[in-house]
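1. here you go, sequence then predicted model.
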Amino acid sequence: MKRFLFTVSVILIFIYSMGEVVVRTFNFNPQTAVSENINGYYSLKKNQTGVYRKGGLPVNFESNFRINNYGYNSLIDYEFNSNNSNKIGILGDSFIEGFQVDVDKSIGRLLEKELESKNIVYEFGFSANNLLNNIETYEKFNLNKFQTVFLFLDLDDIHTDIPHKTPFNSYLAFKELHLRNFYDYFKFIKFLNFNHEIIRKLKSGLNFGVKSIPIKVTNNCNDSNHHKTLLNFIAKNKNVVVVLKNDIEFFKSILGEIEYIEIIHDLKPFSFGYDMHWNLNGRKNVVNSIMKWVNQKK
Amino acid sequence: MLFNSLLFLFFLPTTFCLYWFVFNKKLSNQNLFLVAASYFFYACWDIRFLGLIILSTLIDFFVGNKIFNSKNNKRKIFLFLSIFSNITILAFFKYFNFFIESFDDLINMIGYELQNKFLINIILPVGISFYTFQTMSYTIDIYNNKIKPTNNLISFAAFVSFFPQLVAGPIERASNLLPQMLRERKFHFEKAYEGIILIIWGFFKKIVIADSLSPIVNEIFDNYSELGGFTLLLGIFYFSFQIYCDFSGYSDIAIGTAKIFGIDLMTNFKFPYFSKSIPEFWKRWHISLSTWFRDYIYIPLGGSLGSTNKTIRNIFIIFVLSGFWHGANWTFIFWGLIHALFYIPFYLTKKYKIIVFPFLQKNTDNALFNNIKIVFTFIVVMTAWIFFRSDSLKMSFKIINEILFNPTFTNILNPYNNLEGLYYLIYVVIFIVMDRFMMKTDHLMNFSYFKKTFIISVLSFITIFLIQLEVNDVFIYFQF
C-alpha cells in the first residue's frame, strides 16, 4: 500500500509541476479584474488594467481590459456634465461589458468609428445586469440627456422582479484578500479553476458555500408585470432604443409598434463557442445592425 | 454520479481509503460498505430508481436459492419468475412506448387511425439494461447447475450493485464476480497499479478523444440535411471513434477502479478496430454483452450445431436482439442486421469453405493484406454506425444516399471552439497510434516501473490539459 500511495503521489507531483511549467511558459494564466465591496455588493475596482485569458489548448483567447473611473470596462473615462448631447449610451450585461475582446474593439469604439459625427459612446455593461439594473443605471446617470441610449435585451433580462446584485460575501472577500496572492504562486491551479470553474462546481455540487443570489433592493421599478415595466420605460424615455439579442418573436409580440433593432449575425462565427459571448465578428454584427437602423433614420 | 465529474474525484479516494483502512478488518463490513457506496453512487444520479436495483437484487437472491433447492418443474417456474420480473422491469421502462408506437404504425398501415395513443412519459433508469442482464445470468447459471447460490444477501447485493460497473457494464457473470465478493481481498500493488493505468487511459479516451469529437459529430448529425456527402462521411468517421473511446473509456475506468478495490472484472474491449473480420470484431467489441447473448440465447437456441438454416436464423436472432438491447428504435435493429449480414459469410466459409469475399477471407501473414482487411472491416462497422447514430431509418438512408451520390465537402466548424471540422483528424490519427501502442504493450504492463510511471504521468497531464471547456458529456452507453 505504501508503494502504491507513493506512486500516486509521484504522478500527482509530476502532473502539477508540468502544469505550472506549461501555464507559465505559454502564458495561459488568466487575470481577472479585481473586485471590491461597494455598499455590500460586488463591483469592479476602478482604474485598473489587465489581460483576460480563457481557454488553453487547443484554443484560447486573450484580451486587454481597462476598468474606468466608474467601474465599467471601457477605454475611456466618463464625464457627466451639461454637454451630454453628443453622447450615446449602451446599456447591457456581460455582452456589453465584453471582457472577451480587446477593450479598444468594444461595441462603443466600433460604433464611434462608423458614425460620421463626433459622438462619444459610453458603455454601461455589467455582468448579469437585467432590465431593472439598466433602468437604475439610466436614472443614476441621467441618461435622458444623452442623444441616444441603446438598451440590449433578451428574455431573461425582462423576466425578473428585482435587479441583479451579487453580495460581496465572505468568499469574495477571502478571494480578493488571499486567493489572489495564492494564485500568483500556483498558476496551474488558477488556470484549472478559471477554465473549469472548479470551486463554483464544488460549491454547487457539494452544496456548501454561499451562492450568488439576487438580493432585493428598494426601487421603484419593482413590479410583477415585466412587460409593462419595459413599455413604460420606453414610453417615458424617448431616446431609448431597444436592441434585441435573442427571442425576437417574443419581443415583437410585446413591443407592438415600438421600434427595435434586431441583430443580424451575418459574420460567422460570432461567438467563441466555449464562451458564448460575442467575438469581434459578433460585435461587428451588432454595430452593422445599429448602423443599418441609423442610416434608415437619416 | 459520472466518472468524469468532480464529485467522483472526491468519491473515489474517500471510498478507497475507507475500504482499505477502516472496513478492511472483516469481509462482511467491507461488502456492506461497498453496497452503501454503490447505492450512494447510483443515488447521486437519481435516488428514485434505487428501489428497482434493490427489488431486482431481492427477487434474484431469493429465486436463486429456490431454484437450487427445488426439483423438476418447480425449478422452471422459479427461473421463469426471475426472467419474467427482470424482463418486465426492462420492457416497461425501456420498450413500452416503442411497442405502443409500433402498434399504432401497424394500425395506420392497414387504414385505421388510433385516436388515443396510450403513451406515457417514462424516464429510463440509468444502467437498467446492465444490471437486469447481470442478475438474470445469476439465476440462469444456477438453473443450469453452473454455480451454486449464495446465502449471503450483502455479498449478493455487492455483486449486483458494485459501483464501477453498475451503470454501463461490463455485464459481469456471477461465476466471476460473486466468488470475489465472498472471499477476503488483499491489497496488491501490481493489480492496483494496473488499475490506475486503466483509469488514466480510460479518462484519456473519454475526455480527450470522445469529448473533443462529440460537438463536431453532433453538429454534423444535427444539420445532416444541409451537408454534403464527404462532411457526413467525416461525421460518421468521427462518431466511430467517439463511441469507441466513450464506451471503452468507461469500461477501462470501471475495470481499473475495480482493480484498486482488489476485484477483477471481465475485459470488455480488445482493440476492436484492429479486427480483420466482423466475427473477430465481435470477439473484441462489448465482449460482456456479446458473450451474454452467446451463452444465454445463441447456445440455448442450438448455436451452430443444427442445420445451416437454423444457424443463420440464430445468428440473425442474436444480432437483432443485440440491436434491440441498445434501444427501442428500428435504427438499432438495422445496425444489428448489418452486422449479421457481414457475419454470416464468414460462418459459411468456416462450415462449407464457401468464399464470399475471396480477397478478404484468405488467411495470410502479409501485413499489407491484413491491413486492407482491417480497413474493410472498419468500413462495414462504420456503415453500421450510421444507423446506430441516426434518429430514424429515413435519416440513415438520406446520409448513405448523400455519401454515395453527392460526395461534396461542406465546411463545418466545431461550435464549441470554432475549429475546422477537419482539425480533429489529428486527434484520430494520434489515438490510433496510441491504441496500437497500448495493444502491443498490453496496457504498458511490459514496461518497467519507471517507464510506466513516466508514460501515465504524461498521459494524465495531457488529459487534464485537454479537457474540453464546456463539454462534459455523459457517457453514451448510459442511455442504454
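-> Yep, that arrived.

2. residues in contact with B:Gly262?
-> The contact partners of B:Gly262, taken as C-beta atoms under 8 Å, 6 or more residues apart in numbering or on different chains, are B:180, B:185-188, B:191-192. Where you see a C-beta, it was placed from the backbone N, CA and C, and this is true even at glycine.

3. what of A:His159?
-> Residues near A:His159 by C-beta under 8 Å, 6+ apart: A:His226.

4. quick one: low-confidence residue ranges for the stretch 51-200 of chain A.
-> By pLDDT under 70, the low-scoring segments of the stretch 51-200 of chain A are A:200.

5. the residue nearest to B:Tyr296 when sequence neighbours are not counted is in what secondary structure piece?
-> Nearest non-adjacent residue to B:Tyr296, counting by C-beta to C-beta, 6 or more residues apart in numbering or on different chains: B:Ile140, 5.8 Å away. Following DSSP states H and E, one finds B:Ile140 within helix B:128-143.

6. in the following helix or strand past that helix, what's buried?
-> Per DSSP H and E, the first helix or strand lying C-terminal to helix B:128-143 is helix B:153-161. For helix B:153-161, burial by neighbour count (16 or more other C-beta atoms under 10 Å in any protein chain shown) applies to B:154-161.

7. wait, doesn't B:Lys452 sit right on B:Asp442?
-> No - with contact defined as C-beta atoms under 8 Å, B:Lys452 does not reach B:Asp442; the gap is 11.3 Å.

8. residue nearest the centroid of chain B?
-> With distances taken as C-alpha atoms, centre = their mean, B:His286 lies nearest the centre of chain B, 5.0 Å away.

9. which of B:Lys452 and B:Asp442 has more neighbours?
-> B:Lys452 (20 against 10; other C-beta atoms under 10 Å in any protein chain shown).

10. quick check: the more buried one vs A:Thr7, distance?
-> 9 Å (C-beta to C-beta, to the nearest Å).

11. between the two, which contacts overlap?
-> Any residue near both B:Lys452 and A:Thr7 by C-beta under 8 Å, 6+ apart counts here, and that gives B:Tyr193.

12. what about the helices in the stretch 301-450 of chain B?
-> Secondary structure of the stretch 301-450 of chain B, counting by DSSP state H, counting those that start in this stretch: helices at B:308-326, B:330-352, B:367-389, B:393-405, B:425-440, B:449-465.

13. what's the burial count for B:Leu425?
-> By other C-beta under 10 Å, 13 other residues sit near B:Leu425.

14. mind checking pLDDT for it?
-> If you check B:Leu425, the pLDDT there is 95.

15. for B:Phe431, see how far away it is.
-> Distance, B:Leu425 to B:Phe431, by C-beta to C-beta: 11 Å.

16. for the stretch 101-250 of chain B, what lies in contact range of chain A?
-> The stretch 101-250 of chain B comes close to chain A at residues B:187, B:189, B:192-193, B:196, as judged by C-beta under 8 Å from any C-beta of the partner chain.

17. for PyMOL, what selects the buried ones among those?
-> Burial among these is assessed by 16+ other C-beta under 10 Å; the matching PyMOL selection reads:
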select buried, chain B and resi 192+193+196
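
18. re earlier: tally of neighbours for the residue nearest to B:Tyr296?
-> Applying other C-beta under 10 Å, we find 22 residues neighbouring B:Ile140.

19. neighbours of the nearest residue to A:Ser127 once chain neighbours are set aside, how many?
-> Once flanking residues are discounted, A:Ser127 sits nearest to A:Ser94: 4.2 Å by C-beta to C-beta, 6+ apart. Neighbour count of A:Ser94, defined by other C-beta under 10 Å: 17.

20. my guess is A:Ser94 contacts A:Ala128, does it?
-> Yes - in this structure A:Ser94 lies within contact range of A:Ala128 using C-beta under 8 Å: 6.9 Å.

21. A:Ile258 against A:Val241, yeah?
-> No - in this structure A:Ile258 lies outside contact range of A:Val241 using C-beta under 8 Å: 9.5 Å.

22. what about those two, which has more around it?
-> Using other C-beta under 10 Å as the criterion, A:Ile258 and A:Val241 rank with A:Val241 on top: 19 against 15.

23. make sure that one is indeed in a strand.
-> Yes - A:Val241 forms part of a strand when assessed by DSSP: H, G, I helix; E, B strand; the rest coil.
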